[in-house]
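Peer 1: The sequence and its predicted three-dimensional model are supplied below.
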Amino acid sequence: MTAETFSPPRVATPERSGETSEKLKTADIAPLQADANLADPANVPAETPNTAGGFLQHLEIHGDNSAAQNAESRIAIPTEGADAHGQNLITQLQRSAQSEILGAPYDRTKVAQAVTAMTDVDSQRYQNEPDFRMQIQKYVDSLDAPTKNYVNALLNQVMDTGKPPRIGTAETVLANSMNHVDAQTAMPTIERLLTQNPELRQRLNSTDAANLSPQERALKEAINDSMNRVLFEVYGARVQSGRDASPAERAMAVKNLWESGSLPLDVKAQAGMKTNSFYEQASQASQQEIQGLVQSGRISEQERALIEKIATQDGRMSIEDRVRAFIVGGNIDLADIRRDLRQLSPLAMQEMRREYFKQYGVPVQTDFNRRLDVSARNENAELFEYDRAAATREEWHGRWKR
């Protein structure tokens, strides 16, 4: 058979640019990361296949029942129109080319889109036809480092299964790195990956980079990058004001991430990372730690009450808890709250309103509106409305089924 041929981009741009990157170059690196500087070629094995990485191939992909937590790990890669006319992967990659005036000879969003939308046929070809696989890999090798890391993670799945790739938590971490997602947004996904996969967390914490596969090294680089950005934001301000942070403070934050999978609550509060996962983590903390957060002004008394309620629910947030977190000042996206509420059935909305009033003594919409400006109130006026008759029918139907 005759294989398709195409030319890869002429220029690869692996280095990031921007003010934040320049700051990070001069920032202190966390002590525990200095031993495994992956930017040092001496720490990278010379002979390793680009799509190797069996350990990550068999990572369990955990479902997340919390819509709000799902929102934390959204990947900004459009899929609409992908493979719309049945073009194969090579054709799709060819269409990712763009003028180098735009900064790179390819559009990394289109590249990622093409691979995530691989057909069953192309997946089988990639697994079974060396010539086809070599053409694709030649193109991928010419991409910038974050894009190549993400695409290789997907192709590694395809090579292992012969099926189109699935985007799990590990792939999301790499996609966030590729898209230069800010650290505060990226960290909840990283924490979910590390807490749900303790064996992976232990392996990545190894200071010997030679023991890691290429995929694992890419994953650790992405984790370290986001972690160090958060730490730089928290401790960098103190350096600028002449009050240098204790190296032990920074080292403890790094140790906490690799031992438990989460950054300390105090660091997350200072970095503006009071997402739903922050409140769930806080619900498992000691009373002494929570009291310290209140006394330092990191959380309010209202937030403490919310945390105590979540603690009675084994650390899991209900829909009314997620709404309350938004109301009392958490860094919760209004769009995520709207999506959560619109997914509720009439009966679920009725019960949520009832539970909120029972817990806090105020109608939820009244509380909600206090957080919004006038225009936002008008835009969300119908958010808590529901069909009472439909809720009654749903309730009776549920009783009849039991």
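Peer 2: That came through fine. Residues are numbered from 1 along each chain as shown.
Peer 1: Any stretches of the stretch 201-350 of the chain with poor pLDDT?
Peer 2: For the stretch 201-350 of the chain, the stretches with pLDDT under 70 are 207, 237-246.
Peer 1: can we see that at 50?
Peer 2: Within the stretch 201-350 of the chain, the stretches with pLDDT under 50 are 237-241.
Peer 1: where do the helices sit along it?
Peer 2: 214-240, 247-260, 265-270, 276-282, 287-295, 301-311, 319-327, 334-342, 346-360 (DSSP state H, counting those that start in this stretch).
Peer 1: Now tabulate those in a markdown table and tack on distance to residue 190 and mean neighbour count.
Peer 2: For glycine as for every other residue, the C-beta is placed from the backbone atoms N, C-alpha and C. A markdown table is the format used below for these (distance: least, C-beta to C-beta, whole Å; neighbours: other C-beta atoms under 10 Å):
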| stretch | distance to residue 190 | mean neighbour count |
| --- | --- | --- |
| helix 214-240 | 5 | 20 |
| helix 247-260 | 8 | 16 |
| helix 265-270 | 12 | 21 |
| helix 276-282 | 11 | 24 |
| helix 287-295 | 21 | 13 |
| helix 301-311 | 21 | 18 |
| helix 319-327 | 20 | 23 |
| helix 334-342 | 19 | 16 |
| helix 346-360 | 30 | 17 |
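Peer 1: For residue 370, find the nearest of these.
Peer 2: helix 319-327 (7.2 Å; C-beta to C-beta).
Peer 1: tell me which strands and helices that closest one is in contact with?
Peer 2: helix 276-282, helix 301-311, helix 334-342, helix 346-360, helix 364-371 (3 or more C-beta pairs under 8 Å, 6 or more residues apart in numbering; DSSP states H and E).
Peer 1: so can I have TSV of those helices showing distance to residue 105?
Peer 2: Shown next, in TSV, are those (distance: least, C-beta to C-beta, whole Å):
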stretch	distance to residue 105
helix 276-282	38
helix 301-311	49
helix 334-342	34
helix 346-360	50
helix 364-371	46
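Peer 1: picking that back up, which one of the helices of the stretch 201-350 of the chain lies nearest to residue 131?
Peer 2: helix 214-240 (22.4 Å).
Peer 1: returning to that earlier point: who wins for proximity to residue 188 among the helices of the stretch 201-350 of the chain?
Peer 2: helix 276-282 (4.9 Å).
Peer 1: Between the helices and strands packed on helix 319-327, which one is closest to residue 125.
Peer 2: Nearest to residue 125, of the helices and strands packed on helix 319-327 and by C-beta to C-beta, is helix 334-342 at 37.3 Å.
Peer 1: excluding its backbone neighbours, what's nearest residue 350?
Peer 2: The shortest distance from residue 350 to any non-neighbouring residue, by C-beta to C-beta, 6 or more residues apart in numbering, is to residue 391 (4.5 Å).
Peer 1: The helix or strand that the one you found is a member of packs against which elements?
Peer 2: Assigned by DSSP states H and E, residue 391 belongs to helix 388-401. Contacts defined by 3+ C-beta pairs under 8 Å, 6+ apart place helix 388-401 against helix 346-360.
Peer 1: between the helix it packs on and helix 364-371, how big is the angle?
Peer 2: Orientation check (axes from the mean of the first three to the mean of the last three C-alpha atoms, to 10 degrees): helix 346-360 against helix 364-371 gives 70 degrees.
Peer 1: hmm, back to that, check contacts around the residue nearest to residue 350.
Peer 2: 345, 346, 347, 349, 350 (C-beta atoms under 8 Å, 6 or more residues apart in numbering).
Peer 1: Would you mark the buried spots in the helix holding residue 391?
Peer 2: Going by neighbour count (16 or more other C-beta atoms under 10 Å), the buried part of helix 388-401 is 391, 394.
Peer 1: and the contacts of residue 391 as CSV, adding distance to residue 108?
Peer 2: Shown next, in CSV, are those (distance: C-beta to C-beta, whole Å):
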residue, distance to residue 108
345, 40
346, 43
347, 45
349, 41
350, 46
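Peer 1: Can you tell me which of those comes closest to residue 384?
Peer 2: Closest to residue 384, out of all of the contacts of residue 391 and judged by C-beta to C-beta, is residue 349, at 6.9 Å.
Peer 1: if we can go back for a sec, which one of the helices and strands packed on helix 319-327 lies nearest to residue 387?
Peer 2: helix 346-360 (4.8 Å).
Peer 1: Got the phi and psi for residue 106?
Peer 2: phi -150, psi 160 (degrees, to the nearest 10).
Peer 1: what's across from it in the sheet?
Peer 2: Beta-bridge partners for residue 106, by DSSP bridges, are residue 97.
Peer 1: looking at it, it is touching residue 95, isn't it?
Peer 2: No - the criterion here is C-beta atoms under 8 Å, and residue 106 misses it with residue 95 at 9.9 Å.
Peer 1: just to revisit the earlier point, convert the C-alpha atoms of the helix holding residue 391 to CSV, please.
Peer 2: What follows is helix 388-401, C-alpha atoms only, in CSV (Å, rounded to 0.1, in the frame of the first residue of the first chain):
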residue,chain,number,x,y,z
ARG,A,388,-43.9,22.7,41.4
ALA,A,389,-46.5,20.4,39.8
ALA,A,390,-43.7,18.5,38.0
ALA,A,391,-41.8,18.2,41.3
THR,A,392,-44.9,16.7,42.9
ARG,A,393,-45.3,14.2,40.0
GLU,A,394,-41.6,13.2,40.2
GLU,A,395,-41.9,12.7,44.0
TRP,A,396,-45.0,10.5,43.7
HIS,A,397,-43.4,8.5,40.8
GLY,A,398,-40.4,7.9,43.0
ARG,A,399,-42.6,6.6,45.9
TRP,A,400,-44.5,4.4,43.5
LYS,A,401,-41.3,2.8,42.2
